[in-house]
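In: Provided below are the primary sequence and the corresponding predicted coordinates.
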Amino acid sequence: GDSVTQMEGPVTLSEEAFLTINCTYTATGYPSLFWYVQYPGEGLQLLLKATKADDKGSNKGFEATYRKETTSFHLEKGSVQVSDSAVYFCALSDTNTPLVFGKGTRLSVIA
Amino acid sequence: GAVVSQHPSWVICKSGTSVKIECRSLDFQATTMFWYRQFPKQSLMLMATSNEGSKATYEQGVEKDKFLINHASLTLSTLTVTSAHPEDSSFYICSASHRGYEQYFGPGTRLTVT
């Protein structure tokens, strides 16, 4: 079945550092890809998404590009802030199927 | 954007009692709702998928008699944890979608069973 693998955390960075969280997937069809963010004690918020190969999703300085050739959707941000500290989940979904989540990567940004 | 609410946001109950959690889509018709469970510092585990007006489809290992799901309208789904026990303590999150498009997540309900 479909699956998502993302890098193990936790990731600790200093403010203004560059962030990369790796995500790869396996899927039988042509899924949409998502990054969700979960702040402490809260539910999930959609951060960005891409629905087809070579699409780039972006939001709040975060970017991820749907790479079909490498089955990847790595999350990047050029300069992280303390407020970016959260858990980030990579996910995929084929049409009319539930989301399949990665295990999550906890990011801590220190001033 | 689409908004999904959950109520209550947190609940404490005694062992053996039942607890109902509501999930509402506030500004769209949710043809499908999903219920997830999240243990501390872990990912979300899909419990069940419910389509409006039909019985929920439960994931393997989820007890349908213990976790009763009702999706009686296009804007409301409920999850009832029956005869709750401490091991049922968890963070329960719902999501809703319209005709297979993007899922929108509720803020979650933290259940603590004492």
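Out: Perfect, I can see it now. Numbering: from 1, shown residues only, chains lettered A, B, ... in the order given.

In: Just want the phi and psi numbers for A:Asp54.
Out: Main-chain dihedrals, A:Asp54, degrees, to the nearest 10: phi 80, psi 0.

In: same check, this time on the one 10 residues further on
Out: Recorded main-chain torsions at A:Ala64 are phi -150, psi 140, according to degrees, to the nearest 10.

In: so it touches A:Phe34, yeah?
Out: No - A:Ala64 sits out of contact with A:Phe34 when judged by C-beta atoms under 8 Å, with a separation of 9.1 Å. Placement of C-beta: from N, CA and C, glycine included.

In: which residues do those two both contact?
Out: Shared contacts of A:Ala64 and A:Phe34 (C-beta atoms under 8 Å, 6 or more residues apart in numbering or on different chains): A:Leu48.

In: what's the worst-scoring helix or strand of chain A on mean pLDDT packed up against?
Out: Sorting the helices and strands of chain A by mean pLDDT, DSSP states H and E puts strand A:100-101 at the bottom, at a mean of 90. Contact here means 3 or more C-beta pairs under 8 Å, 6 or more residues apart in numbering or on different chains; DSSP states H and E; on that basis strand A:100-101 packs against strand A:3-6, strand A:86-93.

In: Can you say which of those is packed in most?
Out: Comparing the helices and strands packed on strand A:100-101 by mean neighbour count (mean count of other C-beta atoms under 10 Å in any protein chain shown), strand A:86-93 ranks first with a mean of 24.

In: so, in contact with chain B or not, it?
Out: Yes - looking at strand A:86-93 against chain B by C-beta under 8 Å from any C-beta of the partner chain, the contacts come from A:Phe89, A:Ser93.
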